[in-house]
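K.L.:
using only what follows, build the 3D model:
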Amino acid sequence: MPSVLVVGYDPQAIPGLDGDALRAALDAELARFGDHGIDASATVVVFDDSAESTLVESLTRHPWDVVVVGGGIRKAEPLLPLFEQVVNLIRRHAPQAAVAFNTSIGDSFEAAQRWL
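P.N.:
Here you go, the predicted structure:
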């Protein structure tokens with residue numbers, strides 16, 4: 001069974017956003033993976049000292065086929081160092097995984113499908 005890890009920025013850490021609604025959207029997207037016979041999981045990070053350990057634990061938990069990096073990490077210029085950290089941790093701890101990029105939570109499945 002193919003496996004996908006979705007890495008995103010913790011919606012609870014974004015002022016002014018409805019973190020519960022974003023988490024529900026992420027859960028719905030993970031269910032879409034399951035509907036297509038793909039084992040999928042998500043991990044969320046914040047831009048602090050916990051990001052590396054959180055990512056390493058998630059990346060080494062399973063031999064992922066694809067790691068999808070969310071737009072929340074890539075699109076915000078102040079998070080550029082976090083984006084670089086994410087990409088380099090994927091290279092180091094999940095070198096077998098293809099890297100994909102979504103534009104929003106709702107197209108994570110399509111992003112992963114490009115590489116499965």
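K.L.:
contacting residues around the strand or helix carrying residue 68?
P.N.:
Using DSSP states H and E, residue 68 maps to strand 66-69. Applying C-beta atoms under 8 Å, 6 or more residues apart in numbering, the set of residues contacting strand 66-69 from outside is 2-7, 59, 83, 86-87, 90, 94, 97-102, 108, 111-112, 115-116. Any C-beta I mention is one placed from the backbone N, CA and C, and that applies to glycine too.
K.L.:
so which of those residues sit within helices?
P.N.:
Among those, the members found in helices (DSSP state H) are 59, 83, 86-87, 90, 108, 111-112.
K.L.:
Serialize these to TSV and add fields for neighbour count.
P.N.:
Converted to TSV, the ones in helices among the contacts of strand 66-69 look like this (neighbours: other C-beta atoms under 10 Å):
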residue	neighbour count
59	23
83	19
86	24
87	15
90	20
108	30
111	21
112	26
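K.L.:
possible to save these as JSON lines with pLDDT?
P.N.:
Formatted as JSON lines, the ones in helices among the contacts of strand 66-69 follow (pLDDT from 0 to 100):
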{"residue": "59", "pLDDT": "97"}
{"residue": "83", "pLDDT": "95"}
{"residue": "86", "pLDDT": "96"}
{"residue": "87", "pLDDT": "97"}
{"residue": "90", "pLDDT": "98"}
{"residue": "108", "pLDDT": "96"}
{"residue": "111", "pLDDT": "97"}
{"residue": "112", "pLDDT": "97"}
